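A.B. asks: Everything below, folded, please.
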Amino acid sequence: MRQVPRWVQWTVVPLLILVPVGYVIVSAEQSRNSGQDKEESAAAKHLTWDWPSQVQRRIYQVPVPLDWTRKIAYMETNNWNTSALYVQFTSTAGGLDTFLAQLGTSRSALKPGDVTITPDQAKVPGWLFRPGHDWGGVSTTQHGDKPDHDITVDLSDLDHPVVYIVSTINF
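C.D. replies: Numbers count the residues shown, from 1 in each chain. Model prediction:
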């Protein structure tokens, strides 16, 4: 049997060790960084001026009307007992009607002067529901693992109502 030259052994053996170690280090770094965006979003202490993801909108059953929405912001909170998605957006009269219909309610169900989002809920994203606005609100309660919705709408500008919704899932 022919013997392998010594320089080949000194080259191949370290490569057999270093290549897998390098792969493990690169994989660990990629894995560590992969969840940072999601972690930052979940740890947000204020509204993010962007659309909630489709998954968030589906889980919390918040059907924001795509064609009639502008100035949208959201925030998600999670703890052991509840998860909540806070969303605010400016829509049109038709967009508001579509949004409410998809939640199983209507504009006529909005109680004039009623702010259905509690002060504790409003404090989380920093919403202030001051007097002098034409507020209307409605709450929907669903059974089982489906989310409850507290909806407050600023109807001061009927052509561009501002919608505030807190969608809450209790465990």
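A.B. asks: mind listing the helices for this protein?
C.D. replies: Assigned by DSSP state H, the helices in the chain fall at 6-34, 36-42, 54-59, 93-102, 119-123.
A.B. asks: Please identify the deepest-packed of those helices.
C.D. replies: helix 93-102 (a mean of 18; mean count of other CB atoms under 10 Å). All C-beta atoms are positioned from the backbone trio N, CA, C, and that covers glycine.
A.B. asks: Contacts for that helix, please.
C.D. replies: 63-65, 67-69, 91, 106-107, 109-110, 138, 151, 153, 158-159, 161, 163 (CB atoms under 8 Å, 6 or more residues apart in numbering).
A.B. asks: Pull out the buried members of these.
C.D. replies: Neighbour counting by 16 or more other CB atoms under 10 Å classes Val64, Pro65, Trp68, Thr69, Ser91, Arg107, Leu110, Val138, Ile151, Val153, Pro161, Val163 among the contacts of helix 93-102 as buried.
A.B. asks: Throw these into TSV and include distance to Lys123 and pLDDT, thanks.
C.D. replies: Formatted as TSV, these follow (distance: CB to CB, whole Å; pLDDT from 0 to 100):
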residue	distance to Lys123	pLDDT
Val64	23	93
Pro65	27	88
Trp68	29	80
Thr69	25	86
Ser91	24	95
Arg107	27	94
Leu110	23	96
Val138	21	97
Ile151	18	98
Val153	19	98
Pro161	23	96
Val163	19	97
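A.B. asks: So the residue positioned nearest the centre of the chain versus Asp150, what's the distance?
C.D. replies: In the chain, the residue lying closest to the centroid (CA atoms, centre = their mean) is Pro52, at 4.3 Å. Relative to Asp150, Pro52 is positioned 16 Å away (CB to CB, to the nearest Å).
A.B. asks: Please apply the same query to Val124.
C.D. replies: Distance from Val124 to Asp150, by CB to CB: 12 Å.
A.B. asks: Check Thr118 too.
C.D. replies: With the distance defined as CB to CB, Thr118 ends up 7 Å from Asp150.
A.B. asks: So for these two, which residue has more residues nearby?
C.D. replies: Asp150 (22 against 10; other CB atoms under 10 Å).
A.B. asks: Test my guess that that one contacts Phe129.
C.D. replies: No. Assessed by CB atoms under 8 Å, Asp150 is found out of contact with Phe129, at 11.6 Å.
A.B. asks: who touches both of these two?
C.D. replies: Shared contacts of Asp150 and Phe129, counting by CB under 8 Å, 6+ apart, come down to Ile117.
A.B. asks: Nearest residue to Val64 in space, please, no chain neighbours.
C.D. replies: Spatially, and ignoring its direct neighbours in sequence, Val64 is nearest to Phe89 (6.0 Å; CB to CB, 6 or more residues apart in numbering).
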